[in-house]
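Q: Sharing a sequence plus its predicted fold:
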Amino acid sequence: MEKYKNAIIWMKEFLKESNKSIMINIKKNRIPLIDKTEIEKFYNNLKEKNIKVITYFDDEYPNKLRNIFNPPLVLYAIGNSELLKKDSVGIVGSRKCSEYGKNIAYFFSKILSEKYIITSGMAYGIDTYAHKGSLKNGTIAVLGCGIDIPYPKSNYDLYYQIIKNNGCIVSEYAPGTPVQPFRFPERNRIIVGLSKSIIVIEAAKKSGSLITAKLALESGIDVYAVPGDINRKTSEGTNLLIYNGAIPIISENNLKELFNI
């Protein structure tokens, strides 16, 4: 399928076609004319920034990601892309989290990273502490912007710490793609696709974390939630998840039992 690599890149990044349109063209063997000079420039730019590109038909593409709705046809990765094929647990939660949420995210991810790769979205809050807790064992950060943009700016150092500690930064967006709100829900489906389970730690009733949990349930992936203070808005979503059937994690020992650690 190597012949399709340039075609996918060209259709996605230069012709700006949708995933659906690209797959239809590939299936019908409708390969567009490709400007070799332009695509070479594109690859050289990736090489200069140590960015690996993995397309849907490559052997390196994680099989579990193929099972989600609208899988990304292109993944850009910096760091240890081997992690993308390992057993992973996704940890997500509120940006405006409490100290309780930060501590739980940090210590739970530290425990889980003994056996699993921790995947999150590098957002401010719970995501940040999930990455920090699992940093030494390698963690995956899925971005909702260009692969070369450390976002948010407060996580600039974390971005490079992840790479330095044999982790992986991954995005379906090419270098330079700006941050846009609609890209974060798109990013969440990749977190789900890379994970065998999702843990939600603090989330409001209407939040991206609950969208992630919904995507996980629709994909047949187990959803776990940490109970929270019923007086906090950032606990409303997690407590509601438990009320509706998510598996509660009530202690460190319970976490170890649930995940066979």
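A: In hand now; what should we look at? Residues are numbered from 1 along each chain as shown.

Q: Could you use CA atoms for every contact and neighbour count after this?
A: OK.

Q: Now for residue 127, how many residues are close by?
A: Other residues within reach of residue 127, judged by other Cα atoms under 10 Å, total 24.

Q: That one: what secondary structure?
A: The three-state assignment at residue 127 reads helix, by DSSP: H, G, I helix; E, B strand; the rest coil.

Q: Tell me where the stretch 51-200 of the chain has strands.
A: Assigned by DSSP state E, counting those that start in this stretch, the strands in the stretch 51-200 of the chain fall at 52-55, 74-79, 88-93, 117-120, 139-142, 168-171, 197-201.

Q: Buried deepest among these, which one?
A: strand 117-120 (a mean of 31; mean count of other Cα atoms under 10 Å).

Q: that older thread, next, format the strands of the stretch 51-200 of the chain as CSV and append mean pLDDT and distance to residue 255.
A: As requested, the strands of the stretch 51-200 of the chain are arranged in CSV below (pLDDT from 0 to 100; distance: least, Cα to Cα, whole Å):
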stretch, mean pLDDT, distance to residue 255
strand 52-55, 97, 34
strand 74-79, 98, 29
strand 88-93, 96, 12
strand 117-120, 98, 14
strand 139-142, 98, 19
strand 168-171, 98, 25
strand 197-201, 96, 11
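
Q: Export these as JSON lines, with columns for distance to residue 213.
A: Below are the strands of the stretch 51-200 of the chain laid out as JSON lines (distance: least, Cα to Cα, whole Å):
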{"stretch": "strand 52-55", "distance to residue 213": "26"}
{"stretch": "strand 74-79", "distance to residue 213": "22"}
{"stretch": "strand 88-93", "distance to residue 213": "9"}
{"stretch": "strand 117-120", "distance to residue 213": "13"}
{"stretch": "strand 139-142", "distance to residue 213": "16"}
{"stretch": "strand 168-171", "distance to residue 213": "20"}
{"stretch": "strand 197-201", "distance to residue 213": "7"}
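
Q: Of all these, which one comes closest to residue 241?
A: Residue 241 lies closest to strand 197-201 among the strands of the stretch 51-200 of the chain, at 8.8 Å (Cα to Cα).

Q: Tell me which strands that closest one pairs with, and in which orientation.
A: strand 88-93 (parallel), strand 222-225 (parallel) (DSSP bridges).

Q: What segments of the chain are helices?
A: Counting by DSSP state H, the chain has helices at residues 3-9, 19-27, 36-48, 99-112, 126-134, 156-164, 183-194, 208-218, 233-243, 252-258.

Q: Indicate which one of these is closest to residue 225.
A: Closest of the helices of the chain to residue 225 is helix 233-243, at 5.6 Å (criterion: Cα to Cα).

Q: name the helices or strands packed onto the closest one?
A: strand 222-225 (3 or more Cα pairs under 8 Å, 6 or more residues apart in numbering; DSSP states H and E).

Q: what is the mean pLDDT for the strand it packs on?
A: Per-region confidence: strand 222-225 scores 96 on mean pLDDT.

Q: thinking again about what came up before, residue 17 is nearest to which of the strands of the stretch 51-200 of the chain?
A: The closest of these to residue 17 is strand 74-79. By Cα to Cα, the value is 12.4 Å.
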